[in-house]
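Peer 1: pasting the structure only:
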Ligand SMILES: [Zn+2]
């Protein structure tokens, strides 16, 4: 089984666009009639649903932000009577009120479908044993993957997160073939396996779908070699539906967005202007089939780029690149957008598994300067000055090649970079603008 | 034939060297030779101590980036031209020196020098053939 829904996944673009337009028009009508918030926003812009006649008319519609969801907490943006809502999920709300999302029975069906596509693309079928080590509960990860796995008829092992040694034992005993969890947990499982003296040859594991946090190509290689599997990246956010918004195929060249359900755009995060194919900007989604909580032009804050050229797998669904950063931690240096994650991936490529670094931005003589502090680990350290200077130069060059601006790299002692709650503060902006 | 040298990464800020020596002192570790190579941003402190393994451990525990390297300790005649003779032997045999530094002198008729060269084994042989006295690790640690 290569596709779950070949018809939708490999449809000619023209036909797909017709379907998208029809669904977009319906969605806009629905939110205009059922969600006072959207009606008001559209009226303010002088828009009526009939103004949406073409896919490009999407650009006329207002954006929705996380703040809008919070302002309408908990159910203010729902488009159906609460009796139609069969499931509620919510974000953790670490930075304010939680974001509440509601699903109708039909929405749960869509979610199962897009997750079924995701799992099939990662090699699963009804003979698979899918171990779901994502958290179950208000977080969308666990149940999202669960319903998708059930939809394809796989055997679901709903173990949820934690209890690592038991996870591994069951993986061996139950013959798990597909693992679903966060990429960092996959690595932790691999390490614990080593400690327990269990070899990867004892596993029947073939693949894994990993998401819910950013991860690098290096991490992929590490997971793949330590667990002897193919590791697939998946993308989703509860506001749009949960996991299953986009998924990787066997060619691992970006994630196919299920765009018959979620219409993507890339915008300039500052101006809101829509950007072209291949340009980096903020990913924006309009749900075009959801009933419970349809969202118009929801700003994900994730920075990525879209590619429409045909994929070798045969799917015509657009591909999004790995998320390279968040609009919240984007810094602009001499007009260039810089994300800490870009520096991180450079350091990862130099062989640092968990690099500790910090970006210090300052303005000297009206010119922005970027200093990158890198903690010297034992692996990088040498007793020869020459070698450390070479390392410093190598890092400098790699970062400059990636960012396209000059930087000053400074090697510092371990633990120099201040940690709060275990996490380092990545950016210090000293500019007084 | 080799002596274990402890290398420590230090940022160029005041008090760091004092911290290293005080940690070693508290752990009863004796320093017999030391050198610092520095650039504008950072320095590498190189130490020969009587208990290298313990030194490595306690410095790591205190959050320093440290490594252990094999170096050669030699004795040269403590008179004009003594060191030049050894350097000449190395040069003629095409052995490049990464770095070198002298001991805190305790022996009167010989000067002790630490050498880090590109090809250690070859250098040791050449030095031996030319009757340069190479100090054993035990000899050095007990200085
Ligand atoms: Zn593909």
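Peer 2: Noted; the coordinates are in hand. Predicted model, so just to flag it, every value in this text is computed and none were measured. Residues are numbered from 1 along each chain as shown, chains lettered A, B, ... in the order given.

Peer 1: Of all the helices and strands in chain A, which has the lowest average confidence?
Peer 2: Least confident helix or strand of chain A, by mean pLDDT, DSSP states H and E, is strand A:423-424 with a mean of 68.

Peer 1: Okay, buried residues for the next helix or strand along the chain from that one please.
Peer 2: Using DSSP states H and E, the helix or strand that follows strand A:423-424 in sequence is strand A:427-429. Neighbour counts over strand A:427-429 (16 or more other CB atoms under 10 Å in any protein chain shown) mark residue A:427 as buried. Where C-beta positions appear, they are placed from N, C-alpha and C, glycine not excepted.

Peer 1: Determine the set of other helices and strands touching strand A:427-429.
Peer 2: The contact analysis (3 or more CB pairs under 8 Å, 6 or more residues apart in numbering or on different chains; DSSP states H and E) places strand A:427-429 against strand A:357-364.

Peer 1: roughly how far out does the strand or helix carrying residue A:40 sit from the chain middle?
Peer 2: Secondary structure from DSSP H and E places residue A:40 in helix A:36-44. How far helix A:36-44 lies from its chain's middle: 29 Å, per CA atoms, centre = their mean, to the nearest Å.

Peer 1: Could you find the closest non-adjacent residue to the residue of chain B found nearest chain A?
Peer 2: Nearest residue of chain B to chain A: residue B:7, at 3.7 Å (CB to the nearest CB). Excluding the flanking residues, the one nearest residue B:7 by CB to CB, 6 or more residues apart in numbering or on different chains is residue A:383, at 3.7 Å.

Peer 1: what does residue B:130 give?
Peer 2: Per CB to CB, 6+ apart, closest to residue B:130 is residue B:89, 4.8 Å.

Peer 1: ok, now how distant is that neighbour from the ion?
Peer 2: Going from residue B:89 to the ion by CB to the ion, to the nearest Å gives 65 Å.

Peer 1: Quick check, pLDDT for that residue.
Peer 2: For residue B:89, the pLDDT comes out at 94.

Peer 1: related to what we said a few turns ago, so the residue nearest to residue B:7 sits against residue B:43, correct?
Peer 2: No: with contact defined as CB atoms under 8 Å, residue A:383 does not reach residue B:43; the gap is 11.6 Å.

Peer 1: check contacts around residue A:294.
Peer 2: Residues in contact with residue A:294 (CB atoms under 8 Å, 6 or more residues apart in numbering or on different chains) are A:27, A:30-31, A:35, A:79, A:287-288.

Peer 1: any chance of those residues in JSON lines, with secondary structure, pLDDT and neighbour count too?
Peer 2: Shown next, in JSON lines, are those (DSSP: H, G, I helix; E, B strand; the rest coil; pLDDT from 0 to 100; neighbours: other CB atoms under 10 Å in any protein chain shown):
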{"residue": "A:27", "secondary structure": "helix", "pLDDT": "98", "neighbour count": "25"}
{"residue": "A:30", "secondary structure": "helix", "pLDDT": "96", "neighbour count": "17"}
{"residue": "A:31", "secondary structure": "helix", "pLDDT": "97", "neighbour count": "26"}
{"residue": "A:35", "secondary structure": "coil", "pLDDT": "97", "neighbour count": "22"}
{"residue": "A:79", "secondary structure": "coil", "pLDDT": "97", "neighbour count": "21"}
{"residue": "A:287", "secondary structure": "strand", "pLDDT": "98", "neighbour count": "25"}
{"residue": "A:288", "secondary structure": "coil", "pLDDT": "98", "neighbour count": "23"}
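
Peer 1: Let me see the ranges of the helices in the chain.
Peer 2: This is for chain A. Listed in chain order, the helices found in chain A under DSSP state H are A:6-9, A:13-34, A:36-44, A:66-71, A:105-121, A:140-151, A:164-174, A:183-196, A:217-227, A:340-349, A:385-403.

Peer 1: was after chain B, sorry
Peer 2: B:16-26, B:52-61, B:82-92, B:120-129, B:137-141.

Peer 1: could you dump the ones you listed to a markdown table with mean neighbour count?
Peer 2: A markdown table is the format used below for the helices of chain B (neighbours: other CB atoms under 10 Å in any protein chain shown):
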| stretch | mean neighbour count |
| --- | --- |
| helix B:16-26 | 14 |
| helix B:52-61 | 17 |
| helix B:82-92 | 14 |
| helix B:120-129 | 16 |
| helix B:137-141 | 16 |
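
Peer 1: For residue A:187, find the nearest of those.
Peer 2: helix B:52-61 (23.7 Å; CB to CB).

Peer 1: between the closest one and helix B:16-26, how big is the angle?
Peer 2: Orientation of helix B:52-61 against helix B:16-26 (axes from the mean of the first three to the mean of the last three CA atoms, to 10 degrees) gives an angle of 130 degrees.

Peer 1: Check which helices and strands helix B:52-61 sits against.
Peer 2: By 3+ CB pairs under 8 Å, 6+ apart, helix B:52-61 packs against strand B:3-11, helix B:16-26, strand B:66-77.

Peer 1: how about those in JSON lines, adding mean pLDDT and distance to residue A:358?
Peer 2: Listed next are the helices and strands packed on helix B:52-61 as JSON lines, based on pLDDT from 0 to 100; distance: least, CB to CB, whole Å:
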{"stretch": "strand B:3-11", "mean pLDDT": "94", "distance to residue A:358": "14"}
{"stretch": "helix B:16-26", "mean pLDDT": "94", "distance to residue A:358": "19"}
{"stretch": "strand B:66-77", "mean pLDDT": "93", "distance to residue A:358": "22"}
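
Peer 1: Turn the ones you listed into CSV, columns for distance to the ion.
Peer 2: Formatted as CSV, those follow (distance: least, CB to the ion, whole Å):
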stretch, distance to the ion
strand B:3-11, 45
helix B:16-26, 53
strand B:66-77, 45
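
Peer 1: okay, the ones you listed in JSON lines with distance to residue B:120 next?
Peer 2: Shown next, in JSON lines, are the helices and strands packed on helix B:52-61 (distance: least, CB to CB, whole Å):
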{"stretch": "strand B:3-11", "distance to residue B:120": "11"}
{"stretch": "helix B:16-26", "distance to residue B:120": "25"}
{"stretch": "strand B:66-77", "distance to residue B:120": "6"}
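
Peer 1: ok now do the spatially most central residue of chain B, which residues does it touch?
Peer 2: Centroid-nearest residue in chain B: residue B:114, 4.5 Å away (criterion: CA atoms, centre = their mean). Taking CB under 8 Å, 6+ apart, we find residue B:114 in contact with B:3, B:5, B:33, B:35, B:46, B:48, B:71-73, B:100-103.

Peer 1: From the recorded domain assignment, give the ranges for the chain.
Peer 2: If you meant another chain, say so; for now it's chain A. A:1-327, A:331-429 (the TED database).

Peer 1: should've been chain B
Peer 2: Per the record, chain B has its domains at B:2-69, B:71-141, by the TED database.

Peer 1: gap between the two ends of the longest one?
Peer 2: Using CA to CA, to the nearest Å, one end of domain B:71-141 lies 13 Å from the other.

Peer 1: Neighbours of residue B:12, how many?
Peer 2: 12 (other CB atoms under 10 Å in any protein chain shown).

Peer 1: next one: residue A:328
Peer 2: 8.

Peer 1: Am I right that it is in contact with residue A:301?
Peer 2: Yes: using CB under 8 Å, residue A:328 is in contact with residue A:301, at 5.9 Å.

Peer 1: need the contact list for the residue in chain B that the ion sits nearest to.
Peer 2: The nearest approach of chain B to the ion comes at residue B:65, 43.4 Å away (CB to the ion). Shown in contact with residue B:65 (CB under 8 Å, 6+ apart): A:376-378, A:381, A:413-414, B:8-9.

Peer 1: Leaving out sequence neighbours, find the closest residue to residue A:235.
Peer 2: Take residue A:235 and drop its neighbours on the chain: the residue closest to it by CB to CB, 6+ apart is residue A:246, 4.1 Å away.

Peer 1: wait, doesn't the one you found sit right on residue A:237?
Peer 2: No: in this structure residue A:246 lies outside contact range of residue A:237 using CB under 8 Å: 10.2 Å.
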